[in-house]
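Student: Next come a sequence and a model predicted from it.
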Amino acid sequence: MNKMNKSKLFTRLAQFDLGIHILDFAGKGLVGLVNPVAKLESIGLMATSPEGITAFRAIYGGLMITLGCVFALALFKPGMMRFGLMTIVAVMLSIILTRSLGMVLDDTSNLRFIITNLVELFSAGFALFLLYKAPAESLR
């Protein structure tokens, strides 16, 4: 594969990765904002007060939408793609670490959490692969 094709391939892979994360984070954030009770129930929680729903709406909805926007900025603003991939790695590893710690502290290890951790580990690993193997010009 020549250098031009390799660069284009890595650019497309990075764009795809950022696009998936935009959809994932912004989508989850929008659900958390618009329908927090359904989102709470989908992760095994119950809404017990209006204040709790508002807090969940703000934190889960707001934070996830913000991360989706960061990934969109990284995708569409020249020079930001590398930052976006680094953000994917940092966010995914942080989520994996804190969930794993919770699984140990709360004795909540289950197949759903393990599979989720593995998917997120793949996500971080793919972004790291792109960061280290992509030619510099492909991550504009």
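Tutor: Looks like it arrived, so ask away. Numbering: from 1, shown residues only.
Student: Give the rounded mean pLDDT of stretch 38-56.
Tutor: What stretch 38-56 shows for mean pLDDT is 88.
Student: same question but for stretch 15-30, I mixed them up
Tutor: On average, stretch 15-30 scores 97.
Student: List the buried residues of that stretch.
Tutor: For stretch 15-30, burial by neighbour count (16 or more other C-beta atoms under 10 Å) applies to 15, 17-18, 21-22, 25-26, 28-29. To be clear about C-beta, it is placed using only N, CA and C from the backbone, and glycine gets the same treatment.
Student: Next up, the contacts around the most centrally placed residue in the chain.
Tutor: Centrality entry for the chain: nearest residue to the mean C-alpha point is His21, 5.2 Å, by C-alpha atoms, centre = their mean. Going by C-beta atoms under 8 Å, 6 or more residues apart in numbering, His21 touches 67-68, 71, 84, 88, 123.
Student: for Ala74, same thing?
Tutor: Ala74 touches 18, 80-81, 83-85, 87, counting by C-beta under 8 Å, 6+ apart.
Student: would JSON lines of the contacts of His21 with distance to Arg99 be doable?
Tutor: Shown next, in JSON lines, are those (distance: C-beta to C-beta, whole Å):
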{"residue": "Leu67", "distance to Arg99": "16"}
{"residue": "Gly68", "distance to Arg99": "20"}
{"residue": "Phe71", "distance to Arg99": "20"}
{"residue": "Gly84", "distance to Arg99": "22"}
{"residue": "Ile88", "distance to Arg99": "16"}
{"residue": "Ser123", "distance to Arg99": "13"}
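Student: Tell me which two of the residues you listed sit farthest apart.
Tutor: Gly68 and Ser123 (14.4 Å; C-beta to C-beta).
Student: ok, which stretches of this protein are helices?
Tutor: 3-34, 36-42, 50-56, 62-76, 81-105, 111-133 (DSSP state H).
Student: I'd like to know which of these is closest to Arg140.
Tutor: Arg140 sits nearest to helix 81-105 of all these, at 5.7 Å, using C-beta to C-beta.
Student: So what does the residue lying closest to Lys3 once chain neighbours are set aside have for phi and psi?
Tutor: Once flanking residues are discounted, Lys3 sits nearest to Pro135: 6.9 Å by C-beta to C-beta, 6 or more residues apart in numbering. Reported as degrees, to the nearest 10, the phi and psi values for Pro135 are phi -60, psi 140.
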